[in-house]
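In: What follows is a predicted protein model with its sequence.
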Amino acid sequence: MQQYQNLEDIWSRLQQSAFRSKFRLNQKDLAYLRSKGMPVILSHARDFISGRLAPALPAKDGKQTPWRGHPVFVAQHATATCCRGCLEKWHGIAKGQPLNDVQQEYIVQMIALWLSRQEMPRVL
């Protein structure tokens, strides 16, 4: 999958989007991420993706990802991995087909990249 090799290119495009670049973890989500650790949070991401995004026609597509309540949800909106429409527009992953294992892992890696950059201290 070509998109998998271009995480940084897509990251740069997402950062140029006024909507996508505004997302940040709140203190509660950041504390949760730090207390559980990245491996556990990414396990949650895999579960969310397989259940909410992987089907060819997900239930409530376009509205299946909450805006808050878990660090992964915020990351999904920030990385345009929240619904099949955003996956198609931003990542070139076509709607109407189930996500394969490689595509699902690509989404997890995109979320991991965003979360890891949220976790780093910000320099002013």
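Out: Yes, it's here. Numbering: from 1, shown residues only.
In: so how far is residue 40 from the residue most central in space within the chain?
Out: Closest to where the C-alpha atoms of the chain average out (Cα atoms, centre = their mean) is residue 76, at 3.0 Å. Counting by Cβ to Cβ, to the nearest Å, the gap from residue 76 to residue 40 is 17 Å. Heads up, the C-betas are built off the backbone N, CA and C, glycines and all.
In: got it, and residue 94?
Out: To residue 40, residue 94 is 31 Å away according to Cβ to Cβ.
In: pLDDT score assigned to the residue nearest to the centre of the chain?
Out: Here, the pLDDT recorded for residue 76 equals 96.
In: again, but for residue 1
Out: pLDDT for residue 1: 42.
In: Report the buried residues of the biggest helix by length in the chain.
Out: Longest helix in the chain by number of residues (criterion: DSSP state H): helix 101-119. Within helix 101-119, the residues that count as buried by 16 or more other Cβ atoms under 10 Å are 103, 104, 106, 107, 108, 110, 111, 112, 113, 114, 115, 118.
In: Same question for stretch 76-86.
Out: Quick answer for stretch 76-86 (16+ other Cβ under 10 Å): 76, 77, 78, 79, 80, 81, 82, 83, 84, 86.
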